[in-house]
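Trainee: My questions are about this predicted structure, shown below with the sequence.
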Amino acid sequence: MKPDVLMLSPTRPDAQARLEQQFTLHRLDLADDKPAFLARHGAACRGMVAMGHTSVDAALLDQLPALEIISCGSAGYDAFDVDAIARRGVALTNASPALAQEVADMALLLAQMGWRNVVAADAWVRNGDWARKGAFPLQRSFRGRRLGIVGMGTIGHKIAELASQQGLQVAYWNRRDKDAGYPFQPDLEQLAQDSDILIAIVAGGPDTQGLISDRVLRALGPDGLFVNVARGSVVDEPALIAALQDGGLGAAALDVFWSEPDPDPRLTALPNVTLSPHQGSGTVQTRDAMASLIVDNLQAHFAGQPLISPVDL
Ligand code: DGY
């Protein structure tokens, strides 16, 4: 008999077809009456599929007494109550391995764009400054710069690897030393002080809220660049805006914001900010790979095999 799986978030077509083939799917659509849907199907569901911004709390879990595994389709699971999940002995998997390289590529791309001032250079051509004022002001080279990585998980490792290949000197902060093969700096403010570029790639959620504080941003300094490919919540955004406005911080390149999809207009008005609409993993290939991993993890679980990308709860 096929295991029953509750789907709270849609997925890519190929993965959807595999899910339909291998499981008895209960797909909650926006138009559905959620309490009635859960009362009808919840008790049978042994698996669940959800993206990390979908609320998975104790009240929902109470309606899923047979739940064994949650296969999260994203790397982040900010809206999941992980304590409640752990208390019930439910396994959790995520999509980190499928998107790590893509997000690392985006992190380094944003770092280069911010460092070489590509957005201003684009405007220089578009608004005729090139013809009117002459050559674009000389920039500082990227190669050889000191990069601080905040968070040394699966994606942090890929960023470190790629940054080293691009000639950056890498150091990192993490809650615990990961023995990652790069210098570990346990003091985040000191890491910022010692870096030209700081990339945030820690998980979101209450533990990391405001981790990149005013002090950290100002330690990075007037020549420094802050890159965020993690979650908007990990930075004190009003402090970020103030530091960018008063020159306490040189520049920022941001893929994530406190308010998505409608970032603070003070950020979008700043010329020293490179903006990207939360699309670090946003390619067809990577989104397909992430979706495929949702199915692979469920399959492994129900076949009694080791999970492919378990989250340590
Ligand atoms: C992730 O997978 O967590 C990405 O940020 C998309 O939400």
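Mentor: Cool, got the structure.
Trainee: And for the nearest residue to Arg231 once chain neighbours are set aside, the neighbour number?
Mentor: In this structure, Arg231 finds its nearest non-sequential neighbour in Gly204, 3.1 Å apart by C-beta to C-beta, 6 or more residues apart in numbering. Using the backbone N, CA and C atoms, a C-beta is placed for each residue, glycine as well. Residues near Gly204, counting by other C-beta atoms under 10 Å, number 21.
Trainee: pretty sure Gly204 is touching Asp78, no?
Mentor: Yes: with contacts counted by C-beta atoms under 8 Å, Gly204 reaches Asp78, the gap being 4.1 Å.
Trainee: The residue nearest to Arg231 belongs to a helix?
Mentor: No: per DSSP: H, G, I helix; E, B strand; the rest coil, Gly204 lies outside any helix segment and is coil.
Trainee: Now for it: which residues touch it?
Mentor: Gly76, Asp78, Ala230, Arg231, Ser233, Val234 (C-beta atoms under 8 Å, 6 or more residues apart in numbering).
Trainee: Mark which of those residues are part of helices, please.
Mentor: The helices in this structure, assigned by DSSP state H, contain none of the contacts of Gly204.
Trainee: Show me which residues of the helix or strand Ala192 falls within are buried.
Mentor: Using DSSP states H and E, Ala192 sits in helix 188-193. Neighbour-count burial for helix 188-193 flags Leu188, Glu189, Leu191, Ala192, Gln193 (criterion: 16 or more other C-beta atoms under 10 Å).
Trainee: Likewise for stretch 241-250?
Mentor: In stretch 241-250, counting by 16+ other C-beta under 10 Å, buried: Ile241, Ala242, Ala243, Leu244, Gly248, Leu249, Gly250.
Trainee: Could you give the backbone dihedrals for the fifth one?
Mentor: Right, Gly248. Torsion angles at Gly248 (phi, psi; degrees, to the nearest 10) stand at phi -70, psi -20.
Trainee: Do you know the pLDDT at Leu30?
Mentor: You'll see Leu30 listed with a pLDDT of 84.
Trainee: Distance-wise, check it relative to the ligand.
Mentor: 19 Å (C-beta to the nearest ligand atom, to the nearest Å).
Trainee: For the remainder of this discussion, apply numbering that starts at 26.
Mentor: All set: I'll call the first residue 26, so the last point we hit is now Leu55.
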